[in-house]
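S.K.: A structural model of the following input is requested.
(one chain, ligands or ions: 2)
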Amino acid sequence: MGLWDVDKIEYVGHDKGVKEELGFHYYDADRVVAGKPMKDWLRFAVAWWHTFDQQLVDPFGDGTAHRPYYKYSDPMDQALAKVDYAFELFQKLGVQYFCFHDRDLAPEGDTLRETNANLDKVVDKIEENMKSTGVKLLWNTSSLFTNPRFVDGASTSPFADIFAYSAGQLKHSLEIGKRLGGENYVFWGGREGYENLWNTDMAREKDHMAEFFHMCVDYAKEIGMKAQFLIEPKAKEPCSLQYDFDASTAISFLQKYDLMGTFKLNLEGNHANLATHTYQHEIRIARDAGELGSLDANQGDKLIGWDMDEFPTDLYETTAVMWEVLAEGQIGPHGGLNFDAKPRRSSFEAEDLFRTHIAGMDSFAAGLLVAAKMHEDKYIEDLVSQRYSSYDSGIGKTVEDGTATLATLEDYAIDKPQSELIASTHSDHLESVRATINNYMIEALSE
Ligand code: XUL
Ligand code: CO
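M.R.: Ligands and ions are numbered 1, 2, ... in the order given. Take a look at the predicted model:
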């Protein structure tokens, strides 16, 4: 059976019931939907930190996780053993990609040199496994927030030594990304923000962060690293305000510092909620700016405010996300769906790592099927073009082609009675749209 006490997870469909927890009911990797196999639309990735390092703590309780590799007490032995467990899990789930932070992989030494040496040993083993299994790196990143030295940030730390350390750490992380052929490289601003505005020079900190990003772009060019750089916005937590608050804020930052296009966005469901947005909103903002890069797949809890990183199971939300992805033609030029998600504390058994990934993969596959059906009928496309059709000709066209002035519009509007100014189309009302999407869900998933 291998290292995990679980067989390869197969597609079991839903004709014979829907209760099998160790089989896919909707994710059928090679099934062609809207012109591409499901696996190519979804490009699932396993997050190393949650899946292999997370002990399932919460602010009030210790870790509950049972993991087979806890039998290795030496940290390096355990780090190396995890690579075997990781690649077996990827293959058993049929996931083609994975993601990691540098610090997820190996323990730190006393100096950066020692830390890098530990890391390289694990990366050697990962490289071998990537070659023998064909599993690829969606992205890697650098943890510039876990160690106490980053208490006040990394590139936005008020202490220049910390900026320098961060740059050195990141340099090696870029080298690893290049070596492993990572398709993207992520920058989540862990503690790049503030908790106390009275002691913070926000403008200076943002200038430092931009300088840091430019150094990374320069170094990637120098070493011939091709990965797409991605910023991952988050509104708050751990800081009371994070500088990459949401997609719009991150885009303004990229515009100000001449980094548009060089960086795209990695958007996360739970982070969207922390900014009081929907996941779909964040994706639409990025799409409209040509900045959609990749997605971290997870969800929050409506009743708890913080970053819960639940596995995504909300079908309405996965449908909305996949609707945007289908409209875009892809998640991003090199994007994927990285499960930045952890099992609940009570899902502590090793096997639960499979169940939770299956839940997330099936929920996104089902969302893809529903969204594809909506696109097939051009349901939303027709509804939206109908809604704005008054700009296709007549007075509306003069607005869009730039020939209208306040005077021509006054002339047009001045004698119009109120009754001619109130239009209603019914079919685009919120209640009707939501009910119709429910109908699409029922129809698409019962086929
Ligand atoms: C934290 C978060 C990170 C990034 C990578 O909320 O989402 O795990 O995805 O650093
Ligand atoms: Co994330």
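S.K.: In contact with Leu259: list those residues for me.
M.R.: When contacts are counted by C-beta atoms under 8 Å, 6 or more residues apart in numbering, Leu259 is found next to Ala210, Phe213, His214, Val217, Phe253. Heads up, the C-betas are built off the backbone N, CA and C, glycines and all.
S.K.: swap the cut-off to 7 Å and go again
M.R.: The neighbours of Leu259, taking C-beta atoms under 7 Å, 6 or more residues apart in numbering as the test, are Phe213.
S.K.: What of His101?
M.R.: For His101, the contact set (C-beta under 7 Å, 6+ apart) comprises Trp49, Thr141, Ser142, Ser143.
S.K.: Report the secondary structure state of the closest residue to it other than its chain neighbours.
M.R.: Once flanking residues are discounted, His101 sits nearest to Ser143: 4.1 Å by C-beta to C-beta, 6 or more residues apart in numbering. Following DSSP: H, G, I helix; E, B strand; the rest coil, the label given to Ser143 is coil.
S.K.: I figured Ser143 was touching Ala106, is that so?
M.R.: No - in terms of C-beta atoms under 7 Å, Ser143 does not count as a neighbour of Ala106; the distance is 11.5 Å.
S.K.: Counting neighbours, what do you get for the residue nearest to His101?
M.R.: 19 (other C-beta atoms under 10 Å).
S.K.: Would you mind measuring from it to ligand 2?
M.R.: 12 Å (C-beta to the ion, to the nearest Å).
S.K.: Could you do Pro148 as well?
M.R.: Between Pro148 and ligand 2 the computed distance is 22 Å (C-beta to the ion).
S.K.: So which bits of the longest helix along the chain are buried?
M.R.: Using DSSP state H, we find that the single longest helix of the chain is helix 352-376. The neighbour-count check on helix 352-376 (16 or more other C-beta atoms under 10 Å) flags 352-375 as buried.
S.K.: for stretch 37-44, same thing?
M.R.: Residues of stretch 37-44 classed as buried: Met38, Lys39, Trp41, Leu42, Arg43, Phe44 (neighbour count, 16+ other C-beta under 10 Å).
S.K.: ditto for stretch 18-33
M.R.: Residues of stretch 18-33 classed as buried: Gly23, Phe24, His25, Tyr26, Tyr27, Asp28, Ala29, Val33 (neighbour count, 16+ other C-beta under 10 Å).
S.K.: what about Ala220, neighbour count?
M.R.: By other C-beta under 10 Å, the residues close to Ala220 number 19.
S.K.: Would you agree it is in contact with Leu174?
M.R.: Yes - counting by C-beta under 7 Å, Ala220 does reach Leu174; the two are 5.9 Å apart.
S.K.: Closest one of the buried residues of stretch 37-44 to ligand 1?
M.R.: Distance to ligand 1 across the buried residues of stretch 37-44 (C-beta to the nearest ligand atom) is lowest for Phe44, with 15.1 Å.
S.K.: got a list of what the closest one touches?
M.R.: Taking C-beta under 7 Å, 6+ apart, we find Phe44 in contact with Val95, Gln96, Tyr97, Gly336, Leu337, Phe339, Met361.
S.K.: hmm, 6 Å instead?
M.R.: With contact taken as C-beta atoms under 6 Å, 6 or more residues apart in numbering, Phe44 is in contact with Val95, Leu337, Met361.
S.K.: give me phi/psi at it?
M.R.: For Phe44, the backbone dihedrals (degrees, to the nearest 10) come out as phi -70, psi 150.
S.K.: out of everything not next to it in sequence, what's closest to it?
M.R.: Here the nearest residue to Phe44 in space, its sequence neighbours aside, is Val95; by C-beta to C-beta, 6+ apart that works out to 4.8 Å.
S.K.: so the one you found touches Leu42, yeah?
M.R.: No - counting by C-beta atoms under 6 Å, no contact exists between Val95 and Leu42, whose distance comes to 9.7 Å.
S.K.: who's in contact with the residue in the stretch 101-250 of the chain that ligand 2 sits nearest to?
M.R.: Taking C-beta to the ion as the measure, the stretch 101-250 of the chain has Glu232 as its residue closest to ligand 2, at 5.4 Å. Contact analysis of Glu232 by C-beta under 6 Å, 6+ apart lists Val186, Trp188, Asn266.
S.K.: Spatially nearest residue to the closest residue to ligand 1 within the stretch 201-350 of the chain (excluding sequence neighbours)?
M.R.: Of the residues in the stretch 201-350 of the chain, the one nearest ligand 1 is Asp340, at a distance of 4.8 Å by C-beta to the nearest ligand atom. Residue nearest to Asp340 in three dimensions, not counting chain neighbours: Asp296, with 3.8 Å by C-beta to C-beta, 6+ apart.
S.K.: Same question for Trp49.
M.R.: Here the residue nearest Trp49, using C-beta to C-beta, 6+ apart, is Asp104, at 4.5 Å.
S.K.: now Ser155
M.R.: The spatial neighbour of Ser155 that comes closest, neighbours along the chain excluded (C-beta to C-beta, 6+ apart), is Phe212 at 3.6 Å.
S.K.: in what helix or strand does the one you found lie?
M.R.: Following DSSP states H and E, the helix or strand that holds Phe212 is helix 202-223.
S.K.: hang on, the earlier thing: the residue nearest to Asp340 contacts Gly336, doesn't it?
M.R.: No - taking contacts as C-beta under 6 Å, Asp296 lies outside contact range of Gly336: 9.7 Å.
S.K.: what does the chain put close to ligand 1?
M.R.: On the criterion C-beta under 6 Å from any ligand atom, ligand 1 has as its neighbours in the chain the residues His101, Thr141, Val186, Trp188, Glu232, Lys234, Glu268, Asp296, Asp307, Asp340.
S.K.: Please list the members of the residues you listed that lie in strands.
M.R.: Restricting those to those inside strands, with DSSP state E as the criterion, leaves His101, Thr141, Val186, Trp188, Glu232, Glu268, Asp296.
S.K.: Report the two of the residues you listed separated the most.
M.R.: With C-beta to C-beta as the measure, no two of these lie farther apart than His101 and Glu268, at 14.7 Å.
S.K.: sorry, back to before: do you know the pLDDT at the residue nearest to Ser155?
M.R.: For Phe212, the model assigns a pLDDT of 98.
S.K.: Lys19 now?
M.R.: Lys19 is assigned a predicted lDDT (pLDDT) of 81.
S.K.: distance of it from ligand 1?
M.R.: Remark: distance between Lys19 and ligand 1 (C-beta to the nearest ligand atom, to the nearest Å) = 32 Å.
S.K.: can you give me the strands for the stretch 251-400 of the chain?
M.R.: Ranges of strands within the stretch 251-400 of the chain are 263-268, 292-296, 337-339, based on DSSP state E, counting those that start in this stretch.
S.K.: Any chance of a markdown table for these, columns mean neighbour count?
M.R.: Formatted as a markdown table, those follow (neighbours: other C-beta atoms under 10 Å):
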| stretch | mean neighbour count |
| --- | --- |
| strand 263-268 | 29 |
| strand 292-296 | 27 |
| strand 337-339 | 26 |
